[in-house]
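> predicted coordinates and the sequence they were generated for:
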Amino acid sequence: MHHQLLYLSRADVEAVGLDMATVISLVEEGFREKAASRVEMPPKPGVHPSPDAFIHAMPAYIGRMKAAGVKWVGGNPANSARGLPYISGLIILNDVETCLPYAVMDCTWITGYRTGAATAVSAKYLARPDSRSAGILACGFQGRTNLLALASVFRLERVVAYDIDAGVRDRFAAEMSAALGIRVQAVNDPRAAVVSSDLVVTSGPLLKHPQPTIEAGWLAPGAFASAVDFDSYWTPEALAQFDRLATDDHAQFHYYRRMGYFQRTPDPYADLGELVGHAKPGRQRPDERTMAMNLGLALDDMAVAPEVYRRAVARGLGTWLSL
Ligand SMILES: NC(=O)c1ccc[n+]([C@@H]2O[C@H](COP(=O)([O-])OP(=O)(O)OC[C@H]3O[C@@H](n4cnc5c(N)ncnc54)[C@H](O)[C@@H]3O)[C@@H](O)[C@H]2O)c1
């Protein structure tokens, strides 16, 4: 018998149309399983064809979610100048009984949505529940998905968006105003996107030796920040001002530090499994500055990809291939 697997292109994955609220609850369930020590997830091995480029293997197994597989994901900041996506790659899903692969899918959509969802899960524990304004710095795909995720958890009234490219930030403001039905204002000064925002997302290029922009004193007391681009956007002095800095996985944070990242970033006091599992406290006072520096984990992808597969099968999307 020839075993079949389902191939889902980026368009197929988008056509599934999984909503952000579902992605957030799947990612949170993944972290609950991690908190209960029921996730297997070795740190990402990778190859690095040029200094800021990477191709990482991200395997994970989440038993109760019947999820096993790997994401093979590449990223290169030079791609936008080539008209190519910064982040691209494939997810392979394996049957947890037989270990046979049963799906291969483009990872771009899931990577954007699950990263936004991880920001939102972190914000549930670390941001003020009455947060009403957001600042987005770098208006690419992550800027969009992180804003969508925050808007599904908080009653946002005002968004300020900055990107180094004026055309990109203006398009983002128009599209996200229409999508969310709130005022999204493009600004030409990164400081303006930080100083009056309750929630700040930085999602620019991820650099091993960054020349950061955000200075100490810009972020207001009581605000929450999600550094999707690691420490690339925040000066060490600004990072030192946080009352609480969390990550998504201690082991992977220290693995990155051994590879040369996070040389001037304080040690995270908690990871997302500890916050979701209530082993560590989240925000304690309204005036704390808090940060999530989530690295992006294989468990985020594995929590979401099987649901994309199930809905694709139900709708007859994708292309069946012989193994
Ligand atoms: N932590 C995670 O889990 C995770 C997951 C996926 C991607 N990422 C990172 O998120 C970042 C964004 O990815 P993406 O897919 O949205 O890329 P993208 O190419 O869609 O967006 C990047 C944006 O940054 C803008 N930009 C470049 N330099 C800037 C600067 N100095 N200031 C402001 N804006 C600037 C570009 O104009 C572009 O709009 C990358 O660094 C990527 O590695 C992190």
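Perfect, thanks for sending it. Numbers count the residues shown, from 1 in each chain.
> before we move on, which element is the residue of the stretch 151-300 of the chain found nearest the ligand in?
Residue of the stretch 151-300 of the chain nearest the ligand, by Cβ to the nearest ligand atom: G296 (2.3 Å). Placement of C-beta: from N, CA and C, glycine included. Using DSSP states H and E, G296 sits within no helix or strand.
> isn't it up against T115?
Yes. Between G296 and T115 there is a contact at 5.8 Å, judged by Cβ atoms under 8 Å.
> in terms of neighbours, single out the busier of those two.
T115 (29 against 24; other Cβ atoms under 10 Å).
> residue contacts, the residue of the stretch 51-200 of the chain found nearest the ligand?
Residue nearest to the ligand within the stretch 51-200 of the chain (Cβ to the nearest ligand atom): G140, separated by 1.8 Å. Shown in contact with G140 (Cβ atoms under 8 Å, 6 or more residues apart in numbering): 86, 163, 168, 203.
> quick one, phi psi at it?
As for G140, its main-chain torsions (degrees, to the nearest 10) stand at phi -90, psi -150.
> quick one, grab the pLDDT at it.
pLDDT, G140: 95.
> what of Y261?
For Y261, the predicted pLDDT is 88.
> now the helices for the stretch 101-250 of the chain?
Assigned by DSSP state H, counting those that start in this stretch, the helices in the stretch 101-250 of the chain fall at 108-126, 141-153, 166-180, 190-194, 236-240, 250-258.
> report the contact partners of the residue nearest the centre of the chain.
Geometric centre of the chain, nearest residue: T115, 1.7 Å, by Cα atoms, centre = their mean. Residues in contact with T115 (Cβ under 8 Å, 6+ apart) are 142, 145-146, 228, 294, 296, 300.
> repeat for R171
Residues in contact with R171 (Cβ under 8 Å, 6+ apart) are C139.
> could you redo the last one with a cut-off of 10 Å?
Residues in contact with R171 (Cβ atoms under 10 Å, 6 or more residues apart in numbering) are 139, 163, 165, 186.
> what does V104 give?
Per Cβ under 10 Å, 6+ apart, neighbours of V104: 5-8, 69, 72, 90-93, 318-319, 321.
> if any of these are buried, give me the ChimeraX selection for them.
Here is the ChimeraX command that selects the buried residues among the contacts of V104 (16 or more other Cβ atoms under 10 Å):
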select :5,6,8,69,72,90,91,92,93,318
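> the contacts of V104 in strands, which ones?
By the criterion of DSSP state E, membership of the contacts of V104 in strands covers 5-8, 69, 72, 90-93, 319, 321.
> now those as JSON lines including pLDDT and distance to the ligand?
Shown next, in JSON lines, are the ones in strands among the contacts of V104 (pLDDT from 0 to 100; distance: Cβ to the nearest ligand atom, whole Å):
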{"residue": "L5", "pLDDT": "97", "distance to the ligand": "25"}
{"residue": "L6", "pLDDT": "98", "distance to the ligand": "24"}
{"residue": "Y7", "pLDDT": "98", "distance to the ligand": "22"}
{"residue": "L8", "pLDDT": "98", "distance to the ligand": "19"}
{"residue": "G69", "pLDDT": "98", "distance to the ligand": "17"}
{"residue": "W72", "pLDDT": "98", "distance to the ligand": "14"}
{"residue": "L90", "pLDDT": "98", "distance to the ligand": "15"}
{"residue": "I91", "pLDDT": "98", "distance to the ligand": "13"}
{"residue": "I92", "pLDDT": "98", "distance to the ligand": "18"}
{"residue": "L93", "pLDDT": "98", "distance to the ligand": "19"}
{"residue": "T319", "pLDDT": "98", "distance to the ligand": "25"}
{"residue": "L321", "pLDDT": "97", "distance to the ligand": "27"}
